[in-house]
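**Student:** Okay, sequence plus prediction incoming.
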Amino acid sequence: GLFAAQALTTQDRVPVEVDIYDRLPAPYGLLRYGVAPDHESIRSVADALAQVFEHDNVRFCGFVEFGQGLTRREALLAYDAIIYAAGAAEDMRMHVPGEMVAGSTSAREFVAWYGGHPDARPFHLAGVHTAVAVGVGNVAVDVARILLKSADELSWTDMPQDVLDELRTSSVREVYVVGRRGPQYAAFTTKELRELCGIDGVQVTISEGAFDGIEEKTLDRRRRTNLEVLRAAVARDVPQPRARLHFAFWSRPIEIGTAHVAGLERVTEVVLERTQIDAARLVGTGQTHVVPAQLVLRAIGYRGAPLPDVPFDVDRGVIPNEEGRVVTLDGEPCPQEYAAGWIKRGPIGVVGTNKSDAAETVAHLLDDLEQAPPRPHLLDAHE
Ligand code: NAP
């Protein structure tokens, strides 16, 4: 949303006024609450975006929930154009038994907790010795890193004090990162993988046979370098490690085992099934093994949530659009309405990806404004 506002305020094709609405009282969304607090350089993108608010023609309207404080109808009457940039507020499910019991949750909730999101519920790590992150993307890497770093390594960040206190007493000694395919298919980026594998005092291991049969020549540079980083990490012997990081590739959870602990049904283990590719399809082999665990974080992708009255593609979790111009599910244009970011293209790409994404949307918006006849505003947005 802020990249879109930045693109609008730094062009001279059409004079604009921009009102930025947010459900939360403060701006910066994922940058503030989703980017890991120890990733200072990514977070500093917010400093650059802060300049958007310096413009006299930009207003921030916090604490306004779309559909309640501002409805789609009102917005269409008050503004020439609306850009939906609501991100991906939900997450994917694994659909395995035990997924919803205490101790099994989404990485999104865990990230919200350590990022100090106002909606976050507190996490208690007492009794957690082994944690399992499902998925091998950058979110899985983030949560594994936060669990494995010592509290001293995080104390300089702006993590809430209660989170730091909880992490300081953490007894997590084993973290599994589970990939349903091999390391050559992992989604994480090399910089993030290198950082995770380089945490002091942590021994890295990988599932047996994970490197077998990989045709490295067919891989792009990121994937080849990822393999190099993993090979070097498992070859490094860490004397008396304070914690262990296990990469379990070619494995998928088929069940989360539970037991009643102090009157509450809680996670006690994860049943992993070995997988393989058969005729270009990922299939289970029937071979299973059990990982005793007290915390399971699914990091298998985020998902957009529908905005009230706005067209929504339920299968893809996005607002249907053509290069940012919103259309109905039948492909009919919705004049005045635009989308940017994850709600436009799905939850992929790093923070910077949203800059070019927003620029594309804004370019189309300006084309349309230049061609549209001036429209009377039937509602005053500033009221
Ligand atoms: P992601 O990169 O799409 O990774 C999702 C992972 O979950 C993949 O390994 C995927 O495996 C796996 N998966 C999906 N469905 C699964 C299932 N049913 N069972 C088991 N595994 C499953 O998503 P993400 O980690 O949520 O990250 C979202 C975006 O934010 C990415 O573009 C990421 O790079 C970005 N991000 C960046 C940073 C950073 O730069 N530091 C930090 C966090 C996030 P398959 O490949 O087999 O589908």
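**Tutor:** Structure received. Numbering: from 1, shown residues only.
**Student:** Kindly report the residues of the stretch 1-150 of the chain close to the ligand.
**Tutor:** Taking Cβ under 6 Å from any ligand atom as the contact definition, the stretch 1-150 of the chain meets the ligand at 39, 92, 94, 134-140, 142. The C-beta positions use only the backbone N, C-alpha and C, and glycine is treated the same way.
**Student:** cutoff 8 Å now
**Tutor:** Residues of the stretch 1-150 of the chain lying close to the ligand by Cβ under 8 Å from any ligand atom are 34-36, 39, 42, 91-92, 94-95, 107, 134-142.
**Student:** Quick one, which of those are buried?
**Tutor:** Those of these that meet the buried threshold are 34-36, 91-92, 94, 107, 134-142, by 16 or more other Cβ atoms under 10 Å.
**Student:** Can you pick out the most distant pair from these?
**Tutor:** Largest separation among those by Cβ to Cβ: V35 and M94, giving 24.5 Å.
**Student:** Show the contacting residues for R180.
**Tutor:** 250-252, 275, 282 (Cβ atoms under 8 Å, 6 or more residues apart in numbering).
**Student:** From V310, how far out is E323?
**Tutor:** 17 Å (Cβ to Cβ, to the nearest Å).
**Student:** Mind checking which of the two has more residues around it?
**Tutor:** Using other Cβ atoms under 10 Å, the more surrounded residue of E323 and V310 is V310, with 20 against 13.
**Student:** Please verify my assumption that that one contacts I319.
**Tutor:** Yes. Contact criterion Cβ atoms under 8 Å: V310 and I319 qualify, at 6.0 Å.
**Student:** which residues do those two both contact?
**Tutor:** In contact with both V310 and I319: 84, 326, using Cβ under 8 Å, 6+ apart.
**Student:** that older thread, for the contacts of R180, which two are the farthest from each other?
**Tutor:** Most distant of these, by Cβ to Cβ, are S251 and L282, 11.3 Å apart.
**Student:** Please, where are all the strands along the stretch 1-150 of the chain?
**Tutor:** In the stretch 1-150 of the chain, the strands defined using DSSP state E, counting those that start in this stretch lie at 18-21, 58-61, 82-84, 90-91, 104-106, 130-134.
**Student:** gap between the last one and the chain center?
**Tutor:** What that stands for is strand 130-134. Distance of strand 130-134 from the chain centroid (Cα atoms, centre = their mean, to the nearest Å) equals 17 Å.
**Student:** State the distance from the closest residue to the ligand within the chain to V178.
**Tutor:** Minimum separation of the chain from the ligand (Cβ to the nearest ligand atom) falls at G137, amounting to 2.3 Å. According to Cβ to Cβ, G137 and V178 sit 12 Å apart.
**Student:** cool, D19 as well?
**Tutor:** Counting by Cβ to Cβ, the separation of D19 from V178 is 44 Å.
**Student:** out of those two, which sits in the busier spot?
**Tutor:** Set D19 next to V178 and count neighbours by other Cβ under 10 Å: V178 wins out with 26 against 18.
**Student:** Pairing partners for that one in the sheet, please.
**Tutor:** Beta-bridge partners for V178, by DSSP bridges, are V134, A248.
**Student:** Run through the helices of the protein in chain order.
**Tutor:** Counting by DSSP state H, the chain has helices at residues 2-9, 29-33, 40-43, 45-50, 72-78, 107-114, 138-148, 151-154, 161-168, 190-197, 221-235, 342-345, 353-371.
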